[in-house]
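Enquirer: test case, fold it:
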Amino acid sequence: MGHLDHAAFGWLTPVLSYLMACTGAALGLRCTVRALAATGRSRRNWLVTAASAIGTGIWTMHFVAMLGFRVRGTDIRYDVPLTILSLLVAMLVVCAGVFAVGYGRDRNRALLLGGLTTGVGVASMHYLGMAAVRLHGDVTYDPVLVGLSVVIAVIAATAALWAALNIRSPRAVTVASLVMGAAVSSMHYTGMFAVRVRVDPSGDPLPGATAMQFIFPLAVGLGSYLFITSAFVALSPTPDEREASASAQRFAESPAR
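Expert: Numbers count the residues shown, from 1 in each chain. This is a model prediction of the structure:
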């Protein structure tokens with residue numbers, strides 16, 4: 001049995017991955033709040049942005065944490081197509097959940113269906129990402145911990161969608177994003193503690209790319225996307241602000257009496 005290290009760089013990768021999850025959650029919640037106050041194409045665009053933010057945050061959290069994953073006795077490589085597929089899965093399933101909430105007539109039913117779909121999808125993203133790992137040996141999983149990680153993912157996703165429906169103030173969104181980030185991180189590390197590796201030492205080269213060759217640049221790029229989009233959302237006027245601006249303009253243009 002190979003010795004697994006989940007934090008080879010100490011607290012750096014767990015803290016950074018948690019921050020990525022929180023940033024994606026906060027941005028996704030703000031975009032969903034904007035979507036629920038909008039109609040037509042504007043609502044759709046805000047929901048797509050929310051889904052991409054949450055999905056990107058979850059995926060970036062997973063692979064930033066994986067930068068600290070080491071197995072004694074073997075190098076680690078990542079299958080590039082499978083890794084990219086895991087990113088697409090994360091975005092698509094989150095998009096399905098967010099749209100279910102954004103357009104569902106029965107909010108409770110939409111919340112349960114969206115939470116279940118998104119949670120299972122997030123768990124699928126995690127284990128698809130783990131399937132992309134290449135090393136000298138065999139990887140197995142503790143089924144109890146795997147099941148627990150899926151349950152945590154479903155609860156976290158349902159809580160996120162509930163927050164999107166019920167939370168409006170910036171302070172409440174901040175608190176909710178911190179809780180959601182903790183839930184997503186808990187799901188990830190529960191899944192990682194389920195991993196068992198039997199190492200078969202070998203000098204043969206492993207297929208795929210190293211974390212620093214592929215995962216790190218991609219994670220930096222997606223992290224930059226989150227922060228740039230956060231700035232755009234922060235600077236974008238809310239419906240109330242646009243209405244106030246339009247009213248002020250109409251008042252300024254009205255003839256003096």
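Enquirer: which residues of the stretch 151-257 of the chain fall in helices?
Expert: For the stretch 151-257 of the chain, the helices defined by DSSP state H, counting those that start in this stretch occupy 170-193, 216-235, 239-253.
Enquirer: can you put those helices in TSV and add distance to Gly208 and mean pLDDT?
Expert: For glycine as for every other residue, the C-beta is placed from the backbone atoms N, C-alpha and C. What follows is the helices of the stretch 151-257 of the chain, written out as TSV (distance: least, C-beta to C-beta, whole Å; pLDDT from 0 to 100):
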stretch	distance to Gly208	mean pLDDT
helix 170-193	19	85
helix 216-235	14	79
helix 239-253	47	53
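Enquirer: can you list those helices in CSV and add distance to Leu16 and mean neighbour count?
Expert: Converted to CSV, these look like this (distance: least, C-beta to C-beta, whole Å; neighbours: other C-beta atoms under 10 Å):
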stretch, distance to Leu16, mean neighbour count
helix 170-193, 11, 19
helix 216-235, 9, 15
helix 239-253, 33, 10
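Enquirer: tabulate the ones you listed (a markdown table), appending distance to Thr118.
Expert: Shown next, in a markdown table, are the helices of the stretch 151-257 of the chain (distance: least, C-beta to C-beta, whole Å):
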| stretch | distance to Thr118 |
| --- | --- |
| helix 170-193 | 11 |
| helix 216-235 | 18 |
| helix 239-253 | 26 |
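Enquirer: for those, which one sits closest to Val48?
Expert: Closest of the helices of the stretch 151-257 of the chain to Val48 is helix 216-235, at 11.5 Å (criterion: C-beta to C-beta).
Enquirer: how about that closest one as CSV, C-alpha atoms only?
Expert: Taking Å, rounded to 0.1, in the frame of the first residue of the first chain, the C-alpha atoms of helix 216-235 are listed here in CSV:
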residue,chain,number,x,y,z
PHE,A,216,-1.5,24.5,-12.7
PRO,A,217,-1.7,26.7,-15.9
LEU,A,218,-5.3,25.7,-16.4
ALA,A,219,-6.2,26.3,-12.8
VAL,A,220,-4.5,29.8,-12.9
GLY,A,221,-6.4,30.6,-16.1
LEU,A,222,-9.8,29.6,-14.6
GLY,A,223,-9.0,31.4,-11.4
SER,A,224,-8.3,34.5,-13.3
TYR,A,225,-11.7,34.1,-15.1
LEU,A,226,-13.4,34.0,-11.7
PHE,A,227,-11.8,37.1,-10.4
ILE,A,228,-12.3,39.1,-13.7
THR,A,229,-16.0,38.0,-13.8
SER,A,230,-16.4,39.0,-10.1
ALA,A,231,-15.2,42.5,-10.9
PHE,A,232,-17.6,42.7,-13.9
VAL,A,233,-20.5,41.6,-11.7
ALA,A,234,-19.6,44.0,-8.9
LEU,A,235,-19.4,46.9,-11.4
